[in-house]
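*Asks:* Fold the following.
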Amino acid sequence: MNHSIHSADRATHLKIVVVALVAGIAVAAFGISARTGANYEQTAQVVKAGKPVVVTSSSTSTVR
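*Replies:* Alright, predicted model coming up:
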């Protein structure tokens with residue numbers, strides 16, 4: 001068994017690449033399948049301004 005990637009043979013490198021590829025495909029498939037059931041409708045909501053409001057306070061101190 002090779003404990004270092006530098007001393008590993010060709011078969012070990014191939015196994016690492018295959019495992020990484022399968023894991024990447026599994027993560028991508030999970031992400032795609034989780035996304036397809038969601039509803040992504042975007043609707044604009046209009047917010048109208050109300051009456052003007054004046055907020056004042058003289059008891060607070062400003063630290064600069």
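*Asks:* Return the distance of Val18 relative to His6.
*Replies:* Noted for Val18: a distance of 20 Å to His6, by Cβ to Cβ, to the nearest Å. Every C-beta, even on glycine, is put in place using the N, C-alpha and C of the backbone.
*Asks:* residue boundaries of the strands in this protein?
*Replies:* All residues of the chain lie outside strands when identified by DSSP state E.
*Asks:* middle-most residue in it, spatially?
*Replies:* Closest to where the C-alpha atoms of the chain average out (Cα atoms, centre = their mean) is Gly31, at 10.8 Å.
*Asks:* what stretches of the chain score poorly on pLDDT?
*Replies:* Low-confidence segments of the chain (pLDDT under 70): 1-3, 36-40, 57-64.
*Asks:* Just want to know which of Val18 and His6 has more residues nearby.
*Replies:* Val18 (10 against 5; other Cβ atoms under 10 Å).
*Asks:* Could I get the full set of helices for the chain?
*Replies:* Per DSSP state H, the chain carries helices over the ranges 10-36.
*Asks:* residues contacting Phe30?
*Replies:* Contact analysis of Phe30 by Cβ atoms under 8 Å, 6 or more residues apart in numbering lists nothing.
*Asks:* Check the spacing between it and Gly50 real quick.
*Replies:* Distance, Phe30 to Gly50, by Cβ to Cβ: 46 Å.
*Asks:* do the same with Asp9
*Replies:* 74 Å.
*Asks:* same check, this time on Ala44
*Replies:* 19 Å.
*Asks:* Also Val18?
*Replies:* Taken as Cβ to Cβ, the span from Val18 to Gly50 is 63 Å.
*Asks:* ok, now Thr43?
*Replies:* In terms of Cβ to Cβ, Thr43 sits 22 Å off from Gly50.
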